[in-house]
Every structure is written in C-alpha cells, then in structure tokens.
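Q: Here is a sequence together with a model predicted from it:
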Amino acid sequence: MTTSTPCYWMHLGAGSFHRAHQAWYLHRLLQQGDESWHIALGNIRNDASALLAGLAKQNGQYTLETVTPEGERAWETITSIKKVLPWDEDLTALIEQGTDKNTKVIAFTVTEGGYYLDTDHQLDPRHPDIQADLSGDARTIYGALARILRQRVAQHGAPVTLLSCDNLRHNGERFRHGFLTFLQLSGQTELHEWVSANTTSPNTMVDRITPRPTADIATRVLAETGVNDAVPVMGEAFIQWVIEDDFINGRPALEKVDVEMVTSVLPWEEAKIRILNASHSCIAWAGTLIGQSYIHESTQTEAIKQLAWEYVTQDVIPSLTPSPLDLAAYRDVVLSRFGNPYIQDTNQRVAADGLSKIPGFITPTLTECYARGDEPRATAVLPALFFLFLQRWHRGELPYEYQDGAMDVDALHRMMASDDALTQFTTDETLFGPLAQDARFSDLLRTTVQDMDAWVTAHQPS
C-alpha cells in the first residue's frame with residue numbers, strides 16, 4: 001500500500017553491509033510500487049562522513065554489484081535511501097530523524113563488538129566507550145539511542161521498533177538487555193520505563209557476504225552502466241534475511257520480497273553463526289598465517305578448507321541436531337560461497353573482531369561438545385589459530401592492520417609478551433567462560449596450538 005507520507009526506517013551504521021542487504025530489500029518493495037517506507041541513513045561515529053557526503057551528492061542512490069560463484073555479475077541502482085543524515089558531534093540529524101513520528105523502525109549495524117557484552121552476555125560497564133556514554137557521551141549504540149529516544153519521548157512518545165541487524169546470537173534480546181542495563185546504570189529511570197513499554201527488539205538473522213569496496217568496482221560500474229558512481233557497493237549474489245515478526249508500530253511488507261518472517265530465528269541463527277561466521281574466521285586466520293590475502297584463495301587451499309569442514313562436520317552438526325535445516329547441505333553451500341573468486345573478500349576484513357567472535361561464535365560449540373562427552377578437537381583448532389594470529393600481531397608480523405572493537409591494545413600486548421601468554425589466553429573467562437577453569441580444555445588448547453604452529457610452518461609457501 002502506498003501512503004502519501006512515507007514511514008521511515010532509520011538505519012544507524014553506514015557501512016557496506018546495510019547498503020547491500022537491508023537497503024536492497026526495501027528497494028525491491030519500491031520496485032513493486034510500495035512507496036510506503038523509505039530509509040534514512042546515518043552513522044553514530046565520524047568514520048563514514050566521506051561515504052555519507054558521496055551518497056548525499058547522489059541523492060542517496062548508488063549501484064549494487066552482485067556476483068555469483070560462476071562469475072556472473074549484475075548491477076542495480078538502489079533507491080531506498082531517501083535521506084542521508086550528516087554526522088556532527090551532537091548527532092543533530094539523527095536525533096531529528098529519530099524523533100520524527102513517522103520514524104517507526106530504528107535499525108542498526110554496529111558489528112559484534114559494538115554491543116560491549118561480556119561472555120555472560122551482560123553489558124561491560126568497564127569499557128572506556130561505555131564509561132564515556134554513561135557520563136553523557138554518544139560513542140556507542142546505547143548512548144546514541146538514549147539521546148534520540150529522550151527527545152522522542154519529550155515530543156510525542158510514539159512507539160518504535162529497535163532492530164539489530166548484526167551477527168550477534170539472539171541479537172535483539174541481547175541488545176535490549178544491554179540497552180536497558182545502560183539506562184539503569186546511567187540513572188535514566190523514566191527512559192528505561194518508556195523503552196520497556198514502548199519498544200520491541202526482534203531477533204534477526206542476516207546473511208550476504210559484502211567485502212569492503214575497492215576501486216575496481218567503480219570502474220566496472222562505469223564501464224557496464226555508464227554511471228560514474230562515487231559510492232558503489234559489491235556483494236555476493238546469495239542473500240537471506242530472517243526476522244521475528246514483533247514490530248510494535250508497523251513494518252514494511254518484507255514478506256513480499258522474500259524476507260522470512262518467523263516466530264523464532266533460533267535454528268537459522270545458530271546454523272549461520274556457527275557454520276558460516278565461525279568457519280569464515282577460521283579460514284581468514286589460517287589464510288593470513290600462511291601468507292594469503294583473500295578468502296577465496298584460502299578456501300580453495302584444500303588444507304584450510306579441510307579445517308573448516310572438519311570443524312562443522314565433527315562438532316557443529318552434532319551440536320545443532322536436530323534442526324529444520326539440512327546442516328550438511330548448508331555447510332557445503334557456505335564453503336562454495338567462500339570459494340567465490342569474484343568477491344575478492346579479504347582475510348583482513350574477515351579476521352577482524354576475533355575477541356568478540358571467539359566467545360560469540362566458537363565457545364558455545366566447545367562447551368556443548370564437552371557437555372555431551374566429546375572432546376572438541378576440531379573446534380579447538382579455531383582459538384588455536386587465533387592465538388597464533390595474535391602472536392604475529394604482537395610481533396608486528398601481520399601483513400595488515402588488525403582491527404578489533406573489543407581490544408585493549410596495551411593490555412593485549414602485555415599478555416602476548418608474557419612467558420605464560422597461552423595460559424592467560426586459555427584461562428580468559430571473557431573468551432571461554434567456564435571452560436577457562438577446565439583443565440581438559442587447557443590441555444587440549446595447548447596441544448592444539450603446538451599442532452597448528454607446526455601446521456602453519458608446513459604450509460608456508462616455499
């Protein structure tokens with residue numbers, strides 16, 4: 001249905017993934033003649049200003065290039081971003097848009113580390129960014145939303161859905177718990193009560209491999225379409241979105257564009273996080289350690305692909321069975337997607353944020369293997385690879401800058417410089433939860449690190 005005054009889907013997080021995923025779905029609704037929902041796009045931090053400026057010059061439009069594993073490319077002009085919200089220190093444009101009564105959904109992509117949760121999935125109030133926001137700053141999703149929603153309550157108090165679109169298990173629930181905890185800690189009692197009663201936070205599962213844009217995308221776009229696009233984006237042809245249907249103040253008719261609206265995302269979420277996300281990291285860390293730059297290159301290296309295959313087959317599939325999904329088939333589709341040579345996704349991008357990915361993507365499988373009486377030998381390879389990766393980082397031997405939103409650089413360097421670095425790593429409760437005190441796990445990881453160190457040496461290019 002078309003309305004004269006459109007509703008707004010305000011999105012916080014102006015990265016490539018939003019523009020290749022959520023914006024594409026809403027664009028498809030526009031193509032069907034449903035003009036009732038528009039996107040307003042902004043960023044919490046001042047690290048996307050050039051992109052936002054480029055989008056603004058193009059009236060929010062840009063080209064999305066997709067490519068199949070067989071190399072078939074397609075180009076599409078995405079038109080769903082109707083407002084580009086410029087950044088300033090006071091978040092003026094974000095507050096104005098979030099306060100608009102027609103803004104009925106506030107969605108966000110802030111990466112796994114952007115939720116500042118510990119291994120018990122509780123908000124970590126000790127983190128410097130959270131400390132700053134508790135004092136009134138707006139560095140995080142919590143501080144930014146508190147500013148936006150305080151003004152919304154003051155003006156009219158219309159309900160709004162707060163929608164996480166990140167690869168975080170139970171993302172809606174865990175964001176919501178973190179946000180309500182933040183509001184309690186900051187003494188915002190009235191806002192806490194309002195958020196509890198006037199917002200919902202559905203869990204979601206999102207999927208499309210979206211590498212950081214490179215210069216050759218714009219060149220191809222110009223050659224194929226004749227459009228001189230300053231801010232194109234590229235992703236794989238595969239796409240999926242599963243959302244719990246719990247919107248408090250209306251939503252787009254997403255089911256008309258193949259979004260799966262469900263009661264619970266749990267089976268899809270667990271399969272995606274453990275099979276896709278964890279394997280992705282495994283391949284990136286292993287590939288980096290033997291001198292490779294690209295995900296497809298590493299996936300096509302049989303010894304690396306075998307590590308990921310064994311991890312999923314030996315440990316993950318038994319942990320997730322029974323499942324409504326064909327987990328073995330999903331594993332094979334995922335590895336095929338990773339091997340797509342046309343995506344040119346980098347090990348650097350996928351290797352990032354390991355300190356959040358270990359507890360979020362990998363530790364649950366370790367824990368469940370022990371619970372059913374199995375030793376998680378295949379899964380232990382992943383944290384072992386990450387430890388070796390951190391060793392190279394500490395020594396300045398990585399071929400790129402490692403980015404990790406949960407990293408205290410000085411503390412991590414101190415740990416890796418110590419004589420008992422592996423012991424400290426293995427007994428870190430923020431990474432491994434109760435397993436940090438489990439001698440079986442400590443012994444397994446120590447042995448696995450030794451084995452993988454030898455594996456890396458054996459697979460170095462001659």
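A: Now that the structure is in, tell me what you want to look at.
Q: Can you pull the poorly scored residue ranges out of the stretch 51-200 of the chain?
A: 119 (pLDDT under 70).
Q: for it, what spans make up the strands?
A: For the stretch 51-200 of the chain, the strands defined by DSSP state E, counting those that start in this stretch cover 62-67, 73-78, 81-84, 103-108, 160-164, 199-200.
Q: Just send the ones you listed back as JSON lines, with distance to residue 435 and mean neighbour count too.
A: Any C-beta I mention is one placed from the backbone N, CA and C, and that applies to glycine too. Shown next, in JSON lines, are the strands of the stretch 51-200 of the chain (distance: least, C-beta to C-beta, whole Å; neighbours: other C-beta atoms under 10 Å):
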{"stretch": "strand 62-67", "distance to residue 435": "40", "mean neighbour count": "22"}
{"stretch": "strand 73-78", "distance to residue 435": "44", "mean neighbour count": "15"}
{"stretch": "strand 81-84", "distance to residue 435": "43", "mean neighbour count": "21"}
{"stretch": "strand 103-108", "distance to residue 435": "31", "mean neighbour count": "21"}
{"stretch": "strand 160-164", "distance to residue 435": "27", "mean neighbour count": "23"}
{"stretch": "strand 199-200", "distance to residue 435": "34", "mean neighbour count": "18"}
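Q: Please identify which of those strands is closest to residue 298.
A: strand 62-67 (18.2 Å; C-beta to C-beta).
Q: what is the mean pLDDT for stretch 393-410?
A: Taken as a whole, stretch 393-410 has an average pLDDT of 94.
Q: ok now it, how far from the chain's centre?
A: 19 Å (C-alpha atoms, centre = their mean, to the nearest Å).
Q: can you pull the buried residues of that stretch?
A: 393, 394, 398, 402, 404, 405, 406, 407 (16 or more other C-beta atoms under 10 Å).
Q: Indicate which one of the strands of the stretch 51-200 of the chain is closest to residue 148.
A: strand 103-108 (7.2 Å).
Q: And the closest one, what does it pack against?
A: Applying 3 or more C-beta pairs under 8 Å, 6 or more residues apart in numbering; DSSP states H and E, one finds that strand 103-108 contacts strand 7-12, helix 141-155, strand 160-164.
Q: so where do the helices sit in the stretch 201-350 of the chain?
A: For the stretch 201-350 of the chain, applying DSSP state H, counting those that start in this stretch gives helices covering 215-225, 266-271, 278-289, 295-299, 302-310, 317-320, 327-338, 347-351.
Q: avg pLDDT for the third one?
A: Within the predicted structure, the mean pLDDT of helix 278-289 is 98.
Q: which helices and strands sit right next to it?
A: Helices and strands touching helix 278-289, by 3+ C-beta pairs under 8 Å, 6+ apart, are helix 295-299, helix 302-310, helix 327-338, helix 347-351, helix 354-357, helix 377-394.
Q: Throw those helices into a markdown table and include distance to residue 213, thanks.
A: Converted to a markdown table, those look like this (distance: least, C-beta to C-beta, whole Å):
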| stretch | distance to residue 213 |
| --- | --- |
| helix 295-299 | 16 |
| helix 302-310 | 25 |
| helix 327-338 | 19 |
| helix 347-351 | 11 |
| helix 354-357 | 23 |
| helix 377-394 | 25 |
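Q: re earlier: wait, which of the strands of the stretch 51-200 of the chain is closest to residue 215?
A: Proximity to residue 215 (C-beta to C-beta) singles out strand 62-67 among those, at 13.1 Å.
Q: Contacts for the closest one next, please.
A: Contact partners of strand 62-67, identified using C-beta atoms under 8 Å, 6 or more residues apart in numbering, comprise 19-20, 24, 55, 73-78, 81, 217, 220-221, 225, 227, 229, 231-237, 340, 342-343.
Q: Including distance to residue 124, could the helices and strands packed on strand 103-108 go into JSON lines?
A: Below are the helices and strands packed on strand 103-108 laid out as JSON lines (distance: least, C-beta to C-beta, whole Å):
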{"stretch": "strand 7-12", "distance to residue 124": "20"}
{"stretch": "helix 141-155", "distance to residue 124": "11"}
{"stretch": "strand 160-164", "distance to residue 124": "17"}
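Q: Residue 376: what's it in contact with?
A: Neighbours of residue 376 in contact, by C-beta under 8 Å, 6+ apart: 315, 365, 366, 369, 370, 444.
Q: Mind telling me the two of those farthest from one another?
A: 365 and 444 (13.2 Å).
Q: Surely residue 19 is within a helix?
A: Yes - when DSSP: H, G, I helix; E, B strand; the rest coil is applied, residue 19 is found to be in a helix.
Q: How many residues are close by the nearest residue to it once chain neighbours are set aside?
A: Nearest non-adjacent residue to residue 19, counting by C-beta to C-beta, 6 or more residues apart in numbering: residue 233, 4.7 Å away. Neighbourhood size, residue 233 [other C-beta atoms under 10 Å]: 27.
Q: Pull up the gap between residue 408 and residue 124, please.
A: In this view, residue 408 and residue 124 are 11 Å apart by C-beta to C-beta, to the nearest Å.
Q: Using PDB, write out every CA atom in stretch 62-78.
A: Extracted in PDB, the C-alpha atoms of stretch 62-78 (Å, rounded to 0.1, in the frame of the first residue of the first chain):
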ATOM      1  CA  TYR A  62      24.200   4.000  -5.600                       C
ATOM      2  CA  THR A  63      25.000   1.000  -7.600                       C
ATOM      3  CA  LEU A  64      25.000  -2.500  -6.100                       C
ATOM      4  CA  GLU A  65      27.100  -5.100  -8.000                       C
ATOM      5  CA  THR A  66      26.500  -8.700  -7.200                       C
ATOM      6  CA  VAL A  67      28.500 -11.700  -8.400                       C
ATOM      7  CA  THR A  68      27.800 -15.500  -8.400                       C
ATOM      8  CA  PRO A  69      30.500 -18.100  -7.700                       C
ATOM      9  CA  GLU A  70      30.500 -18.700 -11.500                       C
ATOM     10  CA  GLY A  71      31.400 -15.100 -12.100                       C
ATOM     11  CA  GLU A  72      28.000 -13.800 -13.400                       C
ATOM     12  CA  ARG A  73      27.800 -10.100 -12.400                       C
ATOM     13  CA  ALA A  74      24.700  -7.900 -12.200                       C
ATOM     14  CA  TRP A  75      24.300  -4.200 -11.500                       C
ATOM     15  CA  GLU A  76      21.300  -2.500  -9.900                       C
ATOM     16  CA  THR A  77      20.700   1.100  -8.800                       C
ATOM     17  CA  ILE A  78      19.400   1.100  -5.200                       C
END
